[in-house]
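J.: show me how the following folds:
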Amino acid sequence: MTFESLDGWGEHPVFIEPIPNQKPVYTEAKEFKQKIIKAANFLEKSGIKKNYLVPIFLENSVDFICCFLGLVKIGAKPIPIKLEYRKFELDEIFKNSQPQAIIAEASHLKIIKPYLSQKIVILRENGKIKLHQKTTKKIKPAKISDEIASINYTYRGYGYPLGAMVPHVQYIHGAKVLQAGLQAKPKEKMLVILPMSHIFTLVGCIFVPIFHEITSVISNTMHPRKIFELINEFNINHITAVPEIYLLLEKFKNMAGKLLSLKVFVCGGSSLSSEDYYRIKKAFNIDLLHGYGLTEFTPASRNIRGKARAGTVGPLCENVECRIVSKNKNKAGEILLKTGNMFRGYYKNPEITEEAFEGDWFKTGDIGKIEDAHLIFEKEKKKTRKVNGNMVDLEELERIINLNDRKNQTDFKTILKNKIAIYKIPYINPKLKD
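T.: From the prediction side, this is the model:
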């Protein structure tokens, strides 16, 4: 599907990478296709085979996308992982996935060093990908279906991350229905702000543009002034991000300039109140499309351009069914979803997979209701909370607090700083140069 889409592109770039103090790097469709093939060949020569599980610890870049798609091309299973994950989370992920290879930034090597024994290790340094470590051990591939594209870790309140097995059709369908709401035109441009390790970013900022001839401009900053500069310099038409980023931009609107090219904000990952919806719309005079999805089910609903309603996450997407489990039909209850395009269970966790379903219906663990064909999200039922679009598991947080309490009598504020602060967008002083 990716290669077929690239064959139909014109000469406008697929990606633009702004680089500080250098000229931006433009990657056209033909070159991007060759980069994917080159990445796949390199990964194979490095020893990666079909059904190898491969965590990716890379910053936002064309290299990230080429490695992801290169792995998919040879039948390996990428595991996109946040660079901010701490030891407690990494211990659980590596124990569960038992990967055969790892791709990482060279600067990240110190953090993942405890997990590298008898694994193929590929590093990225100064924009170059190289083989860092071979293995003499005979590695068995994972037993996993060909329909699975990737394993994406998420939380459901069990106290540890779960590996959602995401099929190819989820990426394809997700990109299709998001574009149906966005209605972007070929040759328009989208700014990529969120980390590519998020499935929301992969579907909304990578595959939507690739499949619909939209140029992605890759940002590695959340500084409002820098974002406004990118919007004006590259004539950005669309941004896909979490509400907190849009509220941050609204706070520093005085830095923005005219932003004449800007048309649409696609919003997801966290709740967006009606009040904040109108604040953002008024500040930037754009369409604001709030939607709802999960790692297991991206997306389930989204608002449609020209028809968006404040306080809702939009009508259900095509081929998605929804049931609200409530004692009172007129009140909110748990949101249950059903489609052939959702995840295929949690890797090596059949019991939790079974608990997550009621027959064919996936129990989201979220509370909501449907009014006038629009889904309204109210709160989380499961023991998780969203912080700036990131899922925080309250059970895991409690375990860390208890563990540290027993070992070091560490105070609660220190625990929160170590665990939660990584998800918070810091206050940005407008006088800062960087």
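J.: contacts and neighbour counts: CA atoms only from here.
T.: Fine.
J.: pLDDT weak spots in the stretch 101-250 of the chain?
T.: Applying pLDDT under 70 to the stretch 101-250 of the chain picks out no residues at all.
J.: in it, which spans are strands?
T.: Counting by DSSP state E, counting those that start in this stretch, the segments of the stretch 101-250 of the chain that form strands are 101-105, 120-125, 128-133, 148-154, 162-167, 189-192, 215-218, 238-241.
J.: now for those strands, which one comes closest to residue 204?
T.: Of all the strands of the stretch 101-250 of the chain, it is strand 238-241 that lies closest to residue 204, at 6.6 Å by Cα to Cα.
J.: outside of that closest one, which residues touch it?
T.: Under the criterion Cα atoms under 8 Å, 6 or more residues apart in numbering, residues 189-194, 201, 204-205, 262-269 lie in contact with strand 238-241.
J.: same question for stretch 322-340.
T.: Counting by Cα under 8 Å, 6+ apart, 300, 316, 319-321, 360-370, 378, 381 sit against stretch 322-340.
J.: 10 Å instead?
T.: For stretch 322-340, the surrounding residues in contact (Cα atoms under 10 Å, 6 or more residues apart in numbering) are 167, 169-170, 173, 297, 300-301, 316-321, 356-371, 375-382.
J.: burial count for residue 101?
T.: Residue crowding around residue 101 was assessed by other Cα atoms under 10 Å; the count is 27.
J.: can you offset everything so residue one is 808?
T.: In the new numbering, first residue 808, that becomes residue 908.
J.: re earlier: can I have the buried ones of the contacts of stretch 1129-1147 as a ChimeraX selection?
T.: Entered in ChimeraX, the line below selects the buried ones among the contacts of stretch 1129-1147, by 16 or more other Cα atoms under 10 Å:
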select :974,976,977,980,1104,1107,1108,1123,1124,1127,1163,1164,1168,1169,1170,1171,1172,1173,1174,1175,1176,1177,1182,1183,1184,1185,1186,1187,1188,1189
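J.: so which of the contacts of stretch 1129-1147 belong to strands?
T.: Assignment to strands by DSSP state E places the following of the contacts of stretch 1129-1147 there: 974, 1104, 1107-1108, 1128, 1164-1165, 1168-1178, 1182-1187.
J.: re the thing from before, and the strands of the stretch 908-1057 of the chain as JSON lines, adding distance to residue 1091?
T.: Putting these into JSON lines (distance: least, Cα to Cα, whole Å) gives the following:
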{"stretch": "strand 908-912", "distance to residue 1091": "36"}
{"stretch": "strand 927-932", "distance to residue 1091": "37"}
{"stretch": "strand 935-940", "distance to residue 1091": "38"}
{"stretch": "strand 955-961", "distance to residue 1091": "32"}
{"stretch": "strand 969-974", "distance to residue 1091": "35"}
{"stretch": "strand 996-999", "distance to residue 1091": "15"}
{"stretch": "strand 1022-1025", "distance to residue 1091": "20"}
{"stretch": "strand 1045-1048", "distance to residue 1091": "12"}
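J.: quick check: the gap between residue 1051 and residue 988.
T.: When Cα to Cα, to the nearest Å is the yardstick, residue 1051 and residue 988 sit 21 Å from each other.
J.: oh, I was asking about residue 1016
T.: Counting by Cα to Cα - residue 1016 and residue 988 are separated by 13 Å.
J.: helices of the chain, start to end?
T.: Taking DSSP state H as the test, the helices found in the chain are 809-814, 836-852, 869-881, 894-904, 916-919, 975-989, 1006-1008, 1015-1018, 1031-1041, 1050-1058, 1081-1091, 1157-1162, 1201-1215, 1219-1227.
J.: got the CA coordinates for the longest one in PDB?
T.: Extracted as PDB, the C-alpha positions of helix 836-852 are listed here (Å, rounded to 0.1, in the frame of the first residue of the first chain):
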ATOM      1  CA  ALA A 836       8.800  10.000  -3.400                       C
ATOM      2  CA  LYS A 837      11.200   8.100  -5.600                       C
ATOM      3  CA  GLU A 838      14.100   8.700  -3.100                       C
ATOM      4  CA  PHE A 839      11.900   7.800  -0.100                       C
ATOM      5  CA  LYS A 840      11.000   4.500  -1.800                       C
ATOM      6  CA  GLN A 841      14.600   3.700  -2.400                       C
ATOM      7  CA  LYS A 842      15.400   4.600   1.200                       C
ATOM      8  CA  ILE A 843      12.900   2.100   2.400                       C
ATOM      9  CA  ILE A 844      14.300  -0.600   0.200                       C
ATOM     10  CA  LYS A 845      17.900   0.300   1.300                       C
ATOM     11  CA  ALA A 846      16.800   0.100   4.900                       C
ATOM     12  CA  ALA A 847      15.200  -3.300   4.400                       C
ATOM     13  CA  ASN A 848      18.300  -4.700   2.700                       C
ATOM     14  CA  PHE A 849      20.600  -3.300   5.500                       C
ATOM     15  CA  LEU A 850      18.400  -4.700   8.200                       C
ATOM     16  CA  GLU A 851      18.300  -8.200   6.500                       C
ATOM     17  CA  LYS A 852      22.100  -8.100   6.000                       C
END
